[in-house]
Structures are given as C-alpha cells and as structure tokens.
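Visitor: predicted model and sequence below, questions to follow.
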Amino acid sequence: MQAYLKLDHIDKTFTRGNATTEVLKDINLTIEKGEYVSIIGHSGCGKSTLLNIVAGLTDTTQGCVLLENREVNSPGPDRAVVFQNHSLLPWLTVYENVRLGVDKVFSSTKTRAERDAWTMHNLNLVQMAHAKDKRPSEVSGGMKQRVGIARALAMEPKVLLLDEPFGALDALTRAHLQDSVMALHQKLGNTILMITHDVDEAVLLSDRIVMMTNGPSARIGEVLEVPLARPRKRLELATNPGYLKCRQRVLEFLYERHRFVEAA
Amino acid sequence: MSMPAIKAEATAVAVPTSSPIAAAPVVTMTPKQAPRAEKYAKMAREAAVRVVPPLVVLALLMLFWELVCRRTGSTLPPPSRVFADTKELIFDPFFDRGGIDKGLFWHLSASLQRVALGYSIAAVAGIALGTLVGQSVWAMRGLDPLFQVLRTIPPLAWLPLSLAAFRDGQPSAIFVIFITSVWPIIINTAVGIRNIPQDYRNVAAVVQLNPLEFFSKIMIPAAAPYIFTGLRIGIGLSWLAIVAAEMLIGGVGIGFFIWDAWNSSHISEIILALFYVGIIGFVLDRLIAGMAKVVTRGTALN
C-alpha cells in the first residue's frame, strides 16, 4: 500500500493565555490514491481541526502532513476544501465563484477559452450549469454545496477535503448530494478525506472509516475497512449484511465505548 | 394650499384617459394596450400614496408659518414674502455680475466642487487607512487611539490651523471637508475589514490569491456595505461642514452667500439658501445610498 497522503504523528495544542488545551494527540494515518476515507467522531473531538491541518489552514504543534512524500504546511489548491457552509462569495455568480479558482490554478497552463470551458465542464459535473449566472443567494442550500464541490473539483486537487459537506442540508437533499459525490468519486477517482458525524453517510461513502475518541487529546480509536463493492446503491445496502455490520461497529464505537460526555 | 388642488386635478384627469383605452378593444383589436394603461394607473396610484402625505404636511406647515409671520412686527418673513423677495434669485440662478454677486447656481456649484474634491480625497485616504487598520493588528494598536482623539475635534477648529498652513481659503476649506469626512470612512472600513468572515479568508488561502487579488476580490466586496455606511455618513458631514467653513473663508459659496445675506439683512435670501442646502444634502445622501445599492447588490447576507 503506497502512502499518497500521510499524517505523521500529528499533535495539536491550542494555547490561550497560559491555558493550553491538547486537541489532537499522535494522529497517524496513511491514505492511498483514489481512496475515500471518512473521519467520524463526536462534536468537539477535533476532527475539523484535523481537516484544517491537512488543508494547511491550521499549523500542527508536532508532526507533519506529507502529500506524495513532500511536506505540506500551507494552504493550496492541491488540497481543495469543500466547506461546511459552502463559503461561496455572495458577490460573485455561481460561474465566477468556480472561475476564481480556475483562473488562479491554470493561469499559465490554460488559455482563457480553455479556462471557460473547464469551468463549465465542472459546473456540468455537479449539474449546476443551468444556474451559472445566478448569485449564491438565489439558489438553494443543496445547489450552493454543489457549486462548492465544483469549485473544489475545478482546481484538480490531489486530495479533496470535505468538511461535513452535507451537515447543513435536509435529509432528502443530503441523500441526493451523497449519491452525486459517490458518482463523481467513481468517475474521477479522486482521493477524498471527509469529516462527518453521520454514521450512515460514513458507511455508504467510505472505503475506510477513521473513528476518533473524544477530546481533549483526541486520537484515532479505530479504523474500519468497509468491504462493500462499488458502485453502491443506497436502497440495496439497506438490507445488506456487510453494510449493517459496519454500521453496527461504528455505532458501538461511538455510543458504547466513547460516549459523548456533556461538558456539564 | 395650491399643491393639493393640483394633485386633485391630476387624478381627475387620469380617470377619463384610462376609460377610452379600456373601451378600445371593443372597436379595434389592441389587446396589448389595456394592461399597459392599467400598469400606469397602478404606478400613478402608488406614487400618489407616497407623494400626497408629505405634500399635505408641507402645505399645512406653510400655512402655519404664513399665519404666524404675517403679523406686523414679526422678525421673520412669511413664505409669501420670501417668495416675493427672492423671485429673481429663484428664476435666474445663472446671473453673474462679477465678484461675489452671482446667481445661486454658481454659489452652490462652488460649494459642491469643494465638497467633491475634499470628499474624494477623504474617500480614497479613508478606505486605504481603514483597510490598513482593519487588516493589521499593529496598525490598529498604533493608529486607533490617535483616530479616536482626532475625530472628536470639531471641523471648524481645524480651519485656523489649515489657514495658517495653506495661507489661502480654497485649500483650507477643502482640507476641512477632508478632515471632517475621513474619520467615519476610516472607522467603518476598518470594522468591515475586521468582520470579513474567516470562511472567505480560507477560500482565498486555498485558492492562493496574492495580497493584491485578496484586496480587490475579497476585502473590498466583503467590506462594501460597511464602507458605504462610512461614505454616507462622510458625505453628510462634509455638507454640514462646508457651509460653516465658507462663512468664515468668504468668496463664492453657499455658506458665504448665507453670511452675506445676514449682513445685508436679506432674511428671505437666507431662507431660500437653507432650502437649497437641505435639498442638495438630501440628494447627495440619496446619491451615495443609490451607489451603495448598486455596488453591494450581491453582498447581502444569504
């Protein structure tokens, strides 16, 4: 197994005044090219911090992130992020939001016409080409998230980072978008690291599920392989014993062994 | 009192014009005209709802003023006297008999030119300084206390100092406009820059925008609503300050016109000038507000 993305002994400590909080402790993870890995854990366990570290938006205290054996410690389009709340720029149209990234990444390698075509190609991938001239405020929450995905995909990232991408959506839209992401992964073979707190989502989408213990000093508790063949069908999986077993394992981890302890 | 009468006439005229058009489809086939007439009638009704109440209030106030000031021995002239006295100024704003004996248009345009220049410099400098203070913690720590003290100095207190520095009325007045309107622009811009959501900064970081692109593509649009709030307060303050400043520096300008009218006891001219100052202040404010609406069209929270 060749390590494409490697998280090497990552510790993260936040210091405010003279109070220090250890958020993450000794995180080791290797991800293969084309693999879909989910990180699941209770809220506050530091999974978003971990994603921000991989994205380069947060520094590590100890350890490092290696992408193709090269250390990465600042943000860049090779690790494009789909943010939880879409983070589209409201003053730009759907097209311009995607084009912004395309123009930066391909400024020297593609002509103006090619960049336009590439932007439209990515909007087509997420079925948003029809709304290209609308502003984010004029499209639905699910559509905004689609555009967010298109923006990330259009940068041709080596790793696509999804930060609870479906968290803010209603159940039906979420299912629809999960299917879209699955189809895109199937088609493009991206390497994907996703943060989630939804067990079904994790099992449905992932090749491996990384389960995190509760913070402070969260660590990787267990890594579960999901041995389900792709393409996966939501309805068929509902009664699939392999699926149910994986689901059971994750639920046990989250609700029996590492129950979320309220701060109160 | 004549205003409501005109209004009533207008509505009375509007009714007969709509009826022949409504009847028209029976004779000739012009189906497109009927809805258009209806649309105009609706627009006229909506406009009337907005226009009639202020006109009624204005008419009542005029009546009150007329009644109060018509008595003999009243210190201020009634509206009828104001109109009679200033008829020449109202109907011929463009005369120019040399020196400061000019029509109101020339006074107002001189004042507006000073405001335009001082305010433009303030807008550019204010947005630049506000961006610096909003973006850099050290710039904020260094400059913010200074700004907080300087902004409380009344505009006219700067005038003697600027006269001493420039030795001329014109640049001094422009400097007073600048120093009056720059503070709200700086402070609002800084707040706007500081309030740019972390999400937008993250997007810029992932896309790897350089500082210049970050400034033009993220900072300015994201802070635009705040910047325009500052610009709007600024234009109001500069219009307030110009009248006072011009009273002191003299020459051509609406402020000096008012002062000159007072010295020659032309109270009616003062009232007319105040009316113009109010209208222009209102128009300037609407102008910036309208610009803000166009520019920040997409920036509203969603």
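Guide: Perfect, I can see it now.
Visitor: could you check how far the residue in the stretch 51-200 of chain B that chain A sits nearest to is from A:Leu89?
Guide: Per C-beta to the nearest C-beta, B:Asp199 is where the stretch 51-200 of chain B lies closest to chain A, at 4.0 Å. For glycine as for every other residue, the C-beta is placed from the backbone atoms N, C-alpha and C. B:Asp199 sits 9 Å away from A:Leu89, going by C-beta to C-beta, to the nearest Å.
Visitor: run a quick neighbour tally on B:Ile185.
Guide: Using other C-beta atoms under 10 Å in any protein chain shown, the number of residues around B:Ile185 comes to 30.
Visitor: three-state assignment of it?
Guide: Secondary structure for B:Ile185, judged by DSSP: H, G, I helix; E, B strand; the rest coil, is helix.
Visitor: how about the nearest residue to it, chain neighbours excluded?
Guide: In space, not counting the residues next to it along the chain, B:Ile185 is nearest to B:Gly126; the distance is 2.9 Å by C-beta to C-beta, 6 or more residues apart in numbering or on different chains.
Visitor: the one you found: what's it in contact with?
Guide: With contact set as C-beta atoms under 8 Å, 6 or more residues apart in numbering or on different chains, B:Gly126 has these partners: B:Ser181, B:Val182, B:Trp183, B:Pro184, B:Ile185, B:Ile186, B:Thr189, B:Gly230, B:Gly234.
Visitor: picking up where we left off before, more crowded one of B:Asp199 and A:Leu89?
Guide: In terms of neighbours (other C-beta under 10 Å), A:Leu89 is the more surrounded of B:Asp199 and A:Leu89; the figures are 22 against 15.
Visitor: residue in chain A nearest to chain B?
Guide: Counting by C-beta to the nearest C-beta, chain A gets nearest to chain B through A:Ser137 (3.4 Å).
Visitor: please report how far the residue nearest to B:Ala224 when sequence neighbours are not counted lies from A:Lys132.
Guide: In space, and not counting its chain neighbours, B:Ala224 is closest to B:Thr296: 4.6 Å by C-beta to C-beta, 6+ apart. According to C-beta to C-beta, B:Thr296 and A:Lys132 sit 22 Å apart.
Visitor: kindly report the same for A:Asp200.
Guide: Using C-beta to C-beta, one obtains 32 Å as the distance from A:Asp200 to A:Lys132.
Visitor: give me the below-cutoff pLDDT ranges for the stretch 151-300 of chain B.
Guide: Counting by pLDDT under 70, the low-confidence segments of the stretch 151-300 of chain B come to B:298-300.
Visitor: the residue nearest the centre of chain A in helix, strand or coil?
Guide: In chain A, the C-alpha nearest the mean C-alpha coordinate belongs to A:Leu162, at 1.8 Å (C-alpha atoms, centre = their mean). What three-state DSSP gives for A:Leu162 is strand.
Visitor: just give the nearest non-adjacent residue to it, would you?
Guide: Of all residues not flanking A:Leu162 in the chain, A:Met194 sits nearest, at 4.0 Å (C-beta to C-beta, 6+ apart).
Visitor: residue contacts, B:Lys102?
Guide: B:Phe95, B:Asp96, B:Val252.
Visitor: chain center to stretch A:6-21, what's the gap?
Guide: Remark: stretch A:6-21 is offset 22 Å from the chain centroid, using C-alpha atoms, centre = their mean, to the nearest Å.
Visitor: return the set of buried residues in it.
Guide: Across stretch A:6-21, burial judged by 16 or more other C-beta atoms under 10 Å in any protein chain shown covers A:Lys6, A:Leu7, A:Asp8, A:Ile10, A:Asp11, A:Lys12.
Visitor: could you do stretch A:68-82 as well?
Guide: Counting neighbours by 16+ other C-beta under 10 Å, one finds that the buried residues in stretch A:68-82 are A:Val72, A:Pro75, A:Gly76, A:Pro77, A:Asp78, A:Arg79, A:Ala80, A:Val81, A:Val82.
Visitor: show the pLDDT at the third one.
Guide: Read that as A:Gly76. A:Gly76 is assigned a predicted lDDT (pLDDT) of 89.
Visitor: contacting residues for it?
Guide: By C-beta under 8 Å, 6+ apart, the contact set of A:Gly76 is A:Gly56, B:Val206, B:Gln208.
Visitor: tell me the secondary structure at it.
Guide: If you use three-state DSSP, then A:Gly76 falls in the coil class.
Visitor: apart from its neighbours in sequence, what residue is nearest B:Phe178?
Guide: Here the residue nearest B:Phe178, using C-beta to C-beta, 6+ apart, is B:Gly118, at 4.3 Å.
Visitor: could you say which helix or strand holds that neighbour?
Guide: Using DSSP states H and E, B:Gly118 sits within helix B:104-135.
Visitor: same deal with A:Ile195?
Guide: Here A:Ile195, judged by DSSP H and E, is contained in strand A:191-196.
Visitor: partner strands of that strand, parallel or antiparallel?
Guide: Next to strand A:191-196 in the sheet, as set by DSSP bridges, lie strand A:36-40 (parallel), strand A:159-163 (parallel).
Visitor: of those strands, which is nearest A:Met128?
Guide: Comparison of those against A:Met128 by C-beta to C-beta identifies strand A:159-163 as nearest, at 16.9 Å.
Visitor: now A:Gly189. Nearest residue, chain neighbours left out?
Guide: Across the structure, with C-beta to C-beta, 6+ apart as the measure, the residue nearest A:Gly189 apart from its sequence neighbours is A:Gly34 (4.7 Å).
Visitor: and the pLDDT for the one you found?
Guide: 91.
Visitor: assign a three-state SS to it, would you?
Guide: When states are read from three-state DSSP, the local structure at A:Gly34 comes out as coil.
Visitor: now do the contacts for the residue nearest to B:Ala224.
Guide: Taking C-beta under 8 Å, 6+ apart as the contact definition, B:Thr296 lies against A:Trp91, B:Ala224, B:Pro225, B:Phe228.
Visitor: counting only helices, which of those make the cut?
Guide: B:Ala224, B:Pro225, B:Phe228 (DSSP state H).
Visitor: the second one contacts B:Ala289, correct?
Guide: No - under the criterion of C-beta atoms under 8 Å, B:Pro225 is not in contact with B:Ala289, lying 11.7 Å apart.
Visitor: the two: which has the busier surroundings?
Guide: B:Pro225 (17 against 14).
Visitor: which non-adjacent residue is nearest the more buried one?
Guide: The shortest distance from B:Pro225 to any residue that is not its chain neighbour, by C-beta to C-beta, 6+ apart, is 5.1 Å, and that residue is B:Thr296.
Visitor: ok, which stretches of chain B are helices?
Guide: Listed in chain order, the helices of chain B (DSSP H) span residues B:2-27, B:33-69, B:79-91, B:104-135, B:137-150, B:158-166, B:169-194, B:198-207, B:211-213, B:220-249, B:254-263, B:267-295.
Visitor: quick one, which of those helices is packed in tightest?
Guide: Mean neighbour counts were compared across the helices of chain B using mean count of other C-beta atoms under 10 Å in any protein chain shown; the top stretch is helix B:169-194, at a mean of 24.
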